[in-house]
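*Asks:* Got a predicted structure plus its sequence, pasted below:
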Amino acid sequence: MVCVAVALSVAPHWTRAQQNAVELSLPEARALAAHALSNGRPELASKIAGGLLEADPRSTYGHYVLANAYAEMGRIREGRQAASRAYRYSTIPVQKFEAAELAARLSYAQERPTLTQLWLRRAVQHAPSAQIEAQLAKDYAKVRQQNPFSFSLSGGLRPSTNVNNGADTAQQVIDGLPFTGQLSGSAQALSGVIGSIDGIVGYRLRGTATSRMDVSARVFVQRIALDSAANTTAPDVRNSDLASTYGEIALNQQFAIGSPGSSVDLNAAVGRYWIGGNPNYGFVRLGAGHQWQMNARTALTLNSSVEQRFSARSDIYDSRTLGVVAGARHTLGWGDSVSVSLNLLNTASDFVNSRVSAAAVRMTYSFADQIGPALVSVGLVLGRSDYPDYVAVFNVPGGKQDRSAYADVNIFLPDMDYAGFAPTVRIRAGRTQSNVSRFDTREISVAVGIRSKF
């Protein structure tokens, strides 16, 4: 039988007068530690925990008792560290939950919201019931609102039949006539896998009950791996030629206005875009938006922006784009929701092929209840673009017109989560038809990614 010396001390080298100790078996020591904590004697509990840890330095129970004892004695930092060790050494889910939940509470007491969020996610991973997980999600939302820092990271892999937005065929046809010959392999649709990572870090500069100002930095990285068929079609195209990176720094001011849930946003951003490892353009963007919460079921949005792009190649490629997006979302009586958005843009440039007016409509239907293990939404996008002065070797009569139609199915698997992150699957298919065949495209893709549940 393993025994530990507990009472006023657990140090075996002290004198008998110093020790005044008794020996207890491990079950007796654990019971006494729990009794000491429940009766407001954290000092005794910490001594018992010390004895347990002397017998077994990896004792989950010993570290957990010590964490609770330190917490009651106001030694918050040491308590959090002990809770962290209890979590590390535990192999039983309920013990991991208890240790993570305690570490979260102690991190919150230290006014360390980011660390609190981390421990809450660990607690969610081992929550013993759906009700407790739901409560932890509410706690997480509360801490996230209090935390001046915000973090967002998403990513995924997307096998696609058209990773480069290339043409359907090798022949260049304008308004039904083969005027300009064959398209190069790089201009044709190439198949492969698209991988992307999108990260955003934000900081709240100031906030009140009715307004907040945030600054954020965003980096989006996309890389492409061509398959063997694409390498045969375009042997001179390397994966790095299709790589793209986008970065921006933004400032956003939000005001609550009118009915609860309604707000006005003002924002500004500067950034740069790289393609194939080379700078493509820099930009400055200004925007404004308004959201109206009409009632508990219906919300309307209106956003506008102006973006000035500065080409890295030549001033002639500089452009200015005006955009307007109007949207509506309505929750039906049985919980499903329907949303519709209209996106309008106009780009002006000295480079005639960049001049465009475009419109797109997106309709989305989201099911409130899970279908098996999945939450599902379906969407349809219809678009039209008009390039009035387009040149393909010669001026295209009447300009270039593109019409597009894409449908997607979005699947979220909330029950397959880890620390509150769950997988997503997006299936997308569609085509763009143009009077210039270089821009006739088709795509079928399946994207796999991750998303936070809360």
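*Replies:* Perfect, thanks for sending it. Numbers count the residues shown, from 1 in each chain.
*Asks:* what's the domain layout of this protein?
*Replies:* For the chain, automatic domain parsing gives the domain ranges 3-144, 149-452.
*Asks:* what mean pLDDT does the longest one have?
*Replies:* Confidence over domain 149-452 (mean pLDDT, whole number) is 92.
*Asks:* For whichever strand or helix holds residue 381, which helices and strands make contact with it?
*Replies:* In this assignment (DSSP states H and E), residue 381 forms part of strand 375-387. Under the contact criterion of 3 or more Cβ pairs under 8 Å, 6 or more residues apart in numbering; DSSP states H and E, strand 375-387 touches strand 356-366, strand 400-412. Yep, even glycine has a C-beta here, placed from its N, CA and C like the rest.
*Asks:* I'd like to know which of those strands is closest to residue 58.
*Replies:* Nearest to residue 58 among the helices and strands packed on strand 375-387 is strand 400-412 (38.3 Å), distances taken as Cβ to Cβ.
*Asks:* List the buried residues of that closest one.
*Replies:* 400, 401, 402, 404, 406, 408, 410, 411, 412 (16 or more other Cβ atoms under 10 Å).
*Asks:* what's the spacing between the last one and residue 55?
*Replies:* Separation of residue 412 from residue 55 (Cβ to Cβ, to the nearest Å) stands at 47 Å.
*Asks:* What is the nearest of the buried residues of strand 400-412 to residue 42?
*Replies:* When the buried residues of strand 400-412 are compared against residue 42 (criterion: Cβ to Cβ), the nearest one is residue 412, at 44.3 Å.
*Asks:* what's the closest non-adjacent residue to the closest one?
*Replies:* residue 375 (4.4 Å; Cβ to Cβ, 6 or more residues apart in numbering).
*Asks:* any low-confidence regions in the stretch 1-150 of the chain?
*Replies:* Confidence mapping of the stretch 1-150 of the chain against pLDDT under 70 gives the ranges 1-22.
*Asks:* Helices along that one, start to end?
*Replies:* Ranges of helices within the stretch 1-150 of the chain are 16-19, 26-38, 42-55, 60-72, 76-89, 93-109, 113-125, 130-146, based on DSSP state H, counting those that start in this stretch.
*Asks:* Show me what the fifth one is packed up against.
*Replies:* In this structure, helix 76-89 makes packing contacts with helix 60-72, helix 93-109, judged by 3+ Cβ pairs under 8 Å, 6+ apart.
*Asks:* Just the C-alphas of it, formatted as CSV.
*Replies:* Output in CSV follows, covering the C-alpha atoms of helix 76-89 (Å, rounded to 0.1, in the frame of the first residue of the first chain):
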residue,chain,number,x,y,z
ILE,A,76,-4.6,32.7,-8.9
ARG,A,77,-1.6,32.3,-11.1
GLU,A,78,-0.2,29.3,-9.3
GLY,A,79,-3.7,27.8,-9.3
ARG,A,80,-4.0,28.2,-13.0
GLN,A,81,-0.7,26.5,-13.5
ALA,A,82,-1.7,23.6,-11.3
ALA,A,83,-4.9,23.3,-13.2
SER,A,84,-2.9,23.2,-16.4
ARG,A,85,-0.8,20.4,-15.1
ALA,A,86,-3.9,18.5,-14.0
TYR,A,87,-5.2,18.8,-17.6
ARG,A,88,-2.0,17.7,-19.1
TYR,A,89,-1.7,14.5,-16.9
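*Asks:* re the thing from before, which one of the buried residues of strand 400-412 is nearest residue 93?
*Replies:* residue 412 (24.0 Å).
*Asks:* Just grab the bridge partners of the closest one for me.
*Replies:* residue 375, residue 424 (DSSP bridges).
*Asks:* where's the residue nearest to residue 412 relative to residue 369, distance?
*Replies:* 8 Å.
*Asks:* Have a look at those two and say which one is more surrounded.
*Replies:* The residue with more neighbours, out of residue 375 and residue 369, is residue 375; 18 against 9, by other Cβ atoms under 10 Å.
*Asks:* Which residues are in contact with the more buried one?
*Replies:* Residues near residue 375 by Cβ atoms under 8 Å, 6 or more residues apart in numbering: 366, 367, 411, 412, 413, 414.
*Asks:* Would you tell me which one of those comes nearest to residue 227?
*Replies:* Closest to residue 227, out of all of the contacts of residue 375 and judged by Cβ to Cβ, is residue 411, at 24.3 Å.
*Asks:* contacting residues for the closest residue in space to that closest one that isn't next to it in sequence?
*Replies:* Nearest residue to residue 411, sequence neighbours excluded (Cβ to Cβ, 6+ apart): residue 425, at 4.3 Å. Residues near residue 425 by Cβ under 8 Å, 6+ apart: 410, 411, 413, 446, 447, 448.
*Asks:* For residue 57, grab the count of nearby residues.
*Replies:* Neighbours of residue 57 (other Cβ under 10 Å): 11.
*Asks:* Ignore what I typed, I meant residue 122.
*Replies:* Residue 122: 20 neighbours (other Cβ under 10 Å).
*Asks:* mind checking how far it is from residue 419?
*Replies:* For residue 122 relative to residue 419 (Cβ to Cβ), the value is 6 Å.
*Asks:* try residue 338
*Replies:* Residue 338 sits 32 Å away from residue 419, going by Cβ to Cβ.
*Asks:* Give me the more crowded residue out of these two.
*Replies:* residue 419 (16 against 13).
*Asks:* one step back: CSV please, covering the helices and strands packed on strand 375-387 and showing distance to residue 82.
*Replies:* Listed next are the helices and strands packed on strand 375-387 as CSV, based on distance: least, Cβ to Cβ, whole Å:
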stretch, distance to residue 82
strand 356-366, 44
strand 400-412, 37
